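Colleague: Build me a model:
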Amino acid sequence: MPRLRLIVVLLALVPPAWSQNPGGFTPGAAGLGDPLYPLAGNGGYDVEHYALTLDYQPATNHLVGTAEIRARATQGLSRFDLDLRGFALTRLLVDGRAASFTRSGQELVVTPRKGIPAGKAFTVIIDYAGTPEVVTDPDASIEGWIPTRDGAFVVGEPQGSPAWYPVNDNPRDKASYDFRVTVPAGLTVMANGVLVSSATSGGRTTWVWHAAEPMAPYLSTVTLGVFDLSVTTLAGGTPSYVAVDPQLGSTAVLAKLPDILAFYSSIYGPYPFAAAGAIVDDARFVGYALETQTKPVFDRMPDEATLAHELSHQWFGDSVTLIQWPDLWLHEGFATWSEWIWSEHNGGQSAQGFFDQLYSRSGSVDAFWNPPPGNPGSPALLFSASVYLRGGMTLQALRQRVGDPTFFRILSDWAAENRHGNVDTPRFIALAERDAGLSLAHFFDVWLYQLGKPVGW
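Modeller: Okay, here's the model as predicted:
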């Protein structure tokens with residue numbers, strides 16, 4: 001195996017003559033120009049499907065994988081990039097033929113034997129192996145493939161997915177997924193979508209999951225470990241998979257999951273996916289939960305507000321997904337407000353009560369009011385409290401401005417008209433103005449883009 005690996009690397013460093021593509025084909029961009037993560041994702045193609053076959057040994061933190069990627073060229077491609085951190089590659093095929101490749105940071109630059117015409121579907125197969133990375137973000141949080149005492153906590157926002165598979169790591173390139181993951185018997189693998197099968201042989205269990213609806217790469221997961229898995233059916237027939245680390249305490253809060261989803265369905269529109277659920281691990285050192293598509297991942301037993309927050313993301317964040325990271329308030333502001341309306345629905349503090357409590361804070365508290373939620377300004381500030389709280393307040397202020405019937409129509413129209421799509425703030429403003437029949441440019445400028453405590457909106 002070391003000799004084969006050396007040969008592959010040498011071939012990658014010296015692209016053969018057949019890799020030179022004449023006329024009409026140009027390289028896909030190495031990034032998509034996100035203001036905060038400019039090299040996130042790659043240009044020149046659109047991924048339609050990922051089929052990931054993984055074998056993981058927790059004792060040695062060793063991952064062996066095969067990724068089959070189906071994509072379609074959006075330009076004539078002489079070469080294209082994928083995002084992948086680390087790993088040794090032992091095979092890379094484009095449409096069944098060996099392709100040359102080079103590595104530079106997380107950029108895996110692939111040069112097929114001949115150019116790929118614009119509009120053509122093509123398939124990439126990559127065999128890889130090694131130790132998956134734990135990624136540290138600019139705000140010092142961790143993500144990627146995070147080992148736990150009995151498995152791995154696998155999360156990807158905003159840049160962790162390339163830590164465990166080759167991917168076009170940009171939220172605008174959604175795709176369907178299949179996962180086939182083999183682990184030691186006794187461990188459970190929780191992935192996105194519907195459970196297809198699990199089978200044990202020779203002391204190893206293979207778990208197969210299928211996620212049919214489009215998914216942004218950062219929302220993918222294969223969190224694994226010792227879990228108690230409960231499979232039930234929600235009203236309407238949607239399967240729900242709830243996995244809980246048995247080391248944790250009472251699971252009573254998770255019994256609220258069906259009611260929370262039913263309530264959000266009543267105000268936002270039908271639940272957007274073929275499966276639901278939650279993954280609750282004993283991994284407090286991670287420090288956060290994430291709205292992984294169809295099954296949010298929690299690093300501890302959540303409280304009711306946190307559960308409601310992550311479940312609301314299935315509409316706002318997972319189905320309706322930002323195009324660029326500075327628009328994160330479209331996810332986190334909406335999920336924060338969703339916590340408040342769930343409380344109001346249950347006779348607790350109203351959304352207006354939360355707004356009033358927060359708005360009473362002095363305008364001199366810069367760390368609370370800044371950065372403006374519509375423009376965090378840097379990756380280190382992307383997950384600032386203002387993006388969540390001032391973002392949620394923006395929606396409640398809009399509710400005050402336009403009244404309940406119009407406000408709830410805005411939210412349901414936003415979810416319906418952009419189902420499984422990608423959006424930005426100008427599109428939300430335009431929809432709100434359309435539904436309200438008002439000019440709201442000044443309102444949103446004050447709440448989303450001006451420094452300091454919003455006044456005079």
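Colleague: so how far is Ser201 from Leu311?
Modeller: In this structure, Leu311 lies at 36 Å from Ser201, with CB to CB, to the nearest Å as the measure. Just so you know, the C-beta spots here come from the backbone N, C-alpha and C atoms, and that holds for glycine as well.
Colleague: Give me the more crowded residue out of those two.
Modeller: For Leu311 versus Ser201, the count of surrounding residues by other CB atoms under 10 Å is larger for Leu311: 26 against 9.
Colleague: The more buried one touches Tyr264, doesn't it?
Modeller: Yes: the pair Leu311 / Tyr264 is scored as a contact, 6.8 Å apart, by CB atoms under 8 Å.
Colleague: Run through the residues that contact Arg427.
Modeller: Taking CB atoms under 8 Å, 6 or more residues apart in numbering, we find Arg427 in contact with Asn418.
Colleague: Enumerate the positions of the host helix or strand of it that are buried.
Modeller: Taking DSSP states H and E as the definition, Arg427 sits inside helix 425-436. Within helix 425-436, the residues that count as buried by 16 or more other CB atoms under 10 Å are Thr425, Arg427, Phe428, Ile429, Leu431, Ala432, Glu433, Asp435, Ala436.
Colleague: With pLDDT and distance to Thr238 as new columns, can these be given to me in a markdown table?
Modeller: What follows is these, written out as a markdown table (pLDDT from 0 to 100; distance: CB to CB, whole Å):
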| residue | pLDDT | distance to Thr238 |
| --- | --- | --- |
| Thr425 | 98 | 31 |
| Arg427 | 98 | 28 |
| Phe428 | 98 | 27 |
| Ile429 | 98 | 32 |
| Leu431 | 98 | 27 |
| Ala432 | 98 | 30 |
| Glu433 | 98 | 34 |
| Asp435 | 98 | 28 |
| Ala436 | 98 | 33 |
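Colleague: so, if you compare the residues you listed, which one comes nearest to Arg103?
Modeller: Nearest to Arg103 among the buried residues of helix 425-436 is Thr425, at 35.7 Å by CB to CB.
Colleague: List the contacts of the closest one.
Modeller: Asp327, Trp329, Leu330, Gly374, Phe444, Leu448.
Colleague: Phe368 too?
Modeller: So Phe368 contacts Arg361, Ala385, Ser386, Leu389, Arg390 (CB under 8 Å, 6+ apart).
Colleague: Can you tell me the element it falls in?
Modeller: Phe368 belongs to helix 366-369 when elements are defined using DSSP H and E.
Colleague: after that helix, next one along is what?
Modeller: As assigned by DSSP H and E, the chain's next helix or strand after helix 366-369 is helix 385-402.
Colleague: Identify the residues contacting that next one?
Modeller: With CB under 8 Å, 6+ apart as the test, helix 385-402 has contacts from 328-329, 332-337, 339-340, 351-352, 354-355, 358-359, 367-373, 376, 407, 410, 432, 435-436, 438, 440, 443-444, 447-448, 454, 457.
Colleague: Show me what counts as buried in it.
Modeller: Buried residues in helix 385-402, counted by 16+ other CB under 10 Å: 386-399, 402.
Colleague: for those residues, which one is nearest Val94?
Modeller: With CB to CB as the yardstick, the closest approach to Val94 among the buried residues of helix 385-402 comes from Val387, at 39.6 Å.
Colleague: I'd say Asp327 and Ile429 touch.
Modeller: No: applying CB under 8 Å, one finds Asp327 not in contact with Ile429, separated by 11.3 Å.
Colleague: sorry, back to before: got the contacts of Phe368 as a markdown table, with pLDDT columns?
Modeller: Conversion of the contacts of Phe368 to a markdown table gives the following (pLDDT from 0 to 100):
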| residue | pLDDT |
| --- | --- |
| Arg361 | 96 |
| Ala385 | 97 |
| Ser386 | 98 |
| Leu389 | 98 |
| Arg390 | 98 |
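Colleague: Now distance to Tyr165 too, for these, in a markdown table please.
Modeller: Output for those, formatted as a markdown table (distance: CB to CB, whole Å):
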| residue | distance to Tyr165 |
| --- | --- |
| Arg361 | 43 |
| Ala385 | 32 |
| Ser386 | 33 |
| Leu389 | 34 |
| Arg390 | 35 |
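Colleague: what's the residue positioned nearest the centre of the chain in contact with, if anything?
Modeller: Centroid-nearest residue in the chain, with CA atoms, centre = their mean: Leu219, separated by 2.4 Å. Contacts for Leu219 (CB under 8 Å, 6+ apart) come out as Gly156, Glu157, Asn192, Glu291, Thr292, Gln293, Asp318.
Colleague: Once you drop chain neighbours, what's closest to it?
Modeller: Gln293 (4.1 Å; CB to CB, 6 or more residues apart in numbering).
Colleague: How about the backbone phi and psi for the nearest residue to Glu304 once chain neighbours are set aside?
Modeller: Counting by CB to CB, 6+ apart, Val253 is the residue found nearest to Glu304 once chain neighbours are left out, at 5.6 Å. With angles defined as degrees, to the nearest 10, Val253 sits at phi -60, psi -30.
Colleague: Which secondary structure state is assigned to the nearest residue to Ala432 once chain neighbours are set aside?
Modeller: Residue nearest to Ala432 in three dimensions, not counting chain neighbours: Ile410, with 5.1 Å by CB to CB, 6+ apart. Classification of Ile410 using DSSP: H, G, I helix; E, B strand; the rest coil returns helix.
Colleague: Quick check: Ile410 touching Asp435?
Modeller: Yes: under the criterion of CB under 8 Å, Ile410 makes contact with Asp435 at 4.8 Å.
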